[in-house]
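> sequence unknown, structure follows:
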């Protein structure tokens with residue numbers, strides 16, 4: 001662990017500010033600590049989580065540790081976890097950052113890479129009163145201590161659990177993708193199924209499920225043992241590889257460390273009922289018909305990946321049927337919402353009517369960082385424009401398939 005350091009005041013490139021809510025209590029930053037290992041940061045991290053801090057499921061320490069152990073660390077990333085404490089030395093917020101030191105250029109970012117779709121700090125509720133100057137000074141201190149040229153902060157929710165994301169005060173732009181979610185509003189699973197899904201869709205899913213229900217041993221379930229998790233993960237990897245091959249797309253789950261990360265996150269904690277990644281499935285006729293994996297926080301389940309069978313049973317939409325079961329399951333267990341991850345897909349609109357906007361931040365602290373931030377802004381803005389253009393995005397997808405052949 002590094003020794004505690006005082007916050008250094010230094011201006012960054014900040015383009016705009018968002019006014020604080022009238023009457024918001026002014027939180028004070030007493031000191032800031034930086035940690036290069038999870039064990040040292042764990043007490044503050046766990047204390048914030050236990051006290052109901054605002055954060056996404058992808059900020060679960062178990063999820064991040066599993067990803068970093070198998071994907072981040074082998075690629076050269078190092079933890080740079082920031083804990084800000086108040087005047088009473090209680091943790092006020094935590095920024096789960098990682099960086100890759102370079103001789104010429106150093107970038108810091110959230111853990112998780114493309115696997116984390118909702119990136120955010122762990123914020124105590126009264127931290128919402130922090131000003132842009134407060135937050136900027138913390139990033140400036142980190143940059144000065146570790147020579148960080150650019151903080152590349154992607155896929156951040158503009159608000160979470162009804163509260164504004166404090167980092168939305170800093171300069172930012174809309175992310176290329178958005179997240180599709182559904183709120184349960186305290187309803188039971190069956191109520192959610194009836195009120196959130198259109199009657200035509202409910203009828204279609206029930207009709208198709210009747211076909212699958214004729215298969216021996218048909219059921220929906222969540223993996224609760226290591227053996228079940230191993231079996232479902234193996235089915236997912238095989239199904240997904242088959243779909244990627246048929247589409248002529250490279251298999252992102254075959255990249256170094258990814259399978260090991262998924263396996264560790266699905267197995268660690270499963271005995272206590274709280275793995276970092278949950279696996280849900282429907283099966284019947286001796287095969288796994290569909291699988292979905294995701295991570296759950298105190299309020300939301302966030303989907304990460306899904307697949308469905310390559311056999312003839314795939315024509316009965318087992319993937320959609322699985323989602324309908326998961327909506328009911330998540331509502332009945334007391335979660336407040338469910339999302340199907342970042343990025344548009346037509347099926348997401350069947351279940352999720354709410355669009356959660358995401359933003360990207362490019363916070364620079366050197367001339368090199370300023371130049372890189374400008375390039376990233378342009379690149380991500382172009383990506384968003386392409387994705388929002390139906391015909392152009394179709395051309396891009398076709399080109400990807402042709403390149404993968």
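Yes, it's here. Being a predicted model, the structure only gives us computed values, none of them experimental.

> by contact count, what packs against the strand or helix carrying residue 371?
Using DSSP states H and E, residue 371 maps to helix 367-388. Counting contacts by 3 or more C-beta pairs under 8 Å, 6 or more residues apart in numbering; DSSP states H and E, helix 367-388 packs against strand 150-157, strand 173-174, strand 358-364, helix 390-404. C-beta coordinates here come from the backbone N, C-alpha and C atoms, glycine included.

> The ones you listed: lowest mean pLDDT?
Mean pLDDT across those is lowest at helix 390-404; the value there is a mean of 54.

> Can you give the distance of stretch 314-330 from its chain's centre?
Stretch 314-330 has its C-alpha centroid displaced from the chain centroid by 21 Å (C-alpha atoms, centre = their mean, to the nearest Å).

> for residue 68, helix, strand, or coil?
Counting by DSSP: H, G, I helix; E, B strand; the rest coil, the backbone at residue 68 sits in helix.

> Any idea how many residues pack against the residue nearest to it when sequence neighbours are not counted?
Closest residue to residue 68 apart from its sequence neighbours, by C-beta to C-beta, 6 or more residues apart in numbering: residue 111 at 5.7 Å. Per other C-beta atoms under 10 Å, the neighbour tally for residue 111 reads 23.

> Repeat that for the one 10 residues further on.
Residue 121 sits with 25 neighbouring residues when counted by other C-beta under 10 Å.

> can you check residue 95 too?
Neighbourhood size, residue 95 [other C-beta under 10 Å]: 25.

> now the one helix or strand it maps to, how far from the chain's geometric center?
Residue 95 belongs to strand 91-100 when assigned by DSSP H and E. Relative to its chain's centre, strand 91-100 lies at 16 Å (C-alpha atoms, centre = their mean).

> Can you list the strands that it pairs with?
Sheet pairing of strand 91-100 (DSSP bridges) gives strand 78-85 (antiparallel), strand 107-110 (antiparallel), strand 122-123 (antiparallel).

> what sits against the residue nearest to residue 29 when sequence neighbours are not counted?
Of all residues beyond its chain neighbours, the one nearest residue 29 is residue 84 (5.1 Å), with distances taken as C-beta to C-beta, 6+ apart. Applying C-beta atoms under 8 Å, 6 or more residues apart in numbering to residue 84 gives the contacts 7, 29, 31, 32, 91, 92, 93, 94, 138.

> re the thing from before, need phi/psi at the residue nearest to residue 68.
phi -70, psi 160 (degrees, to the nearest 10).

> same deal with residue 285?
Dihedral angles for residue 285 - degrees, to the nearest 10 - are phi 60, psi 30.

> Next, count neighbours for the closest residue in space to it that isn't next to it in sequence.
In space, residue 285 comes closest to residue 215 once its chain neighbours are excluded; the distance is 3.6 Å by C-beta to C-beta, 6+ apart. Residues lying near residue 215 (other C-beta under 10 Å) number 17.

> Next up, the contacts around residue 215.
Counting by C-beta under 8 Å, 6+ apart, residue 215 has contacts 284, 285, 313.

> got a list of what the first one touches?
Just to be clear, that refers to residue 284. Contacts of residue 284 (C-beta under 8 Å, 6+ apart): 212, 213, 215, 216, 217, 218, 219, 313.

> distance of the first one from residue 312?
Computed as C-beta to C-beta, to the nearest Å, the residue 212 to residue 312 distance reads 11 Å.

> Comparing those two, which residue is more hemmed in?
Neighbour count, other C-beta under 10 Å: between residue 212 and residue 312, residue 212 has more, with 19 against 7.
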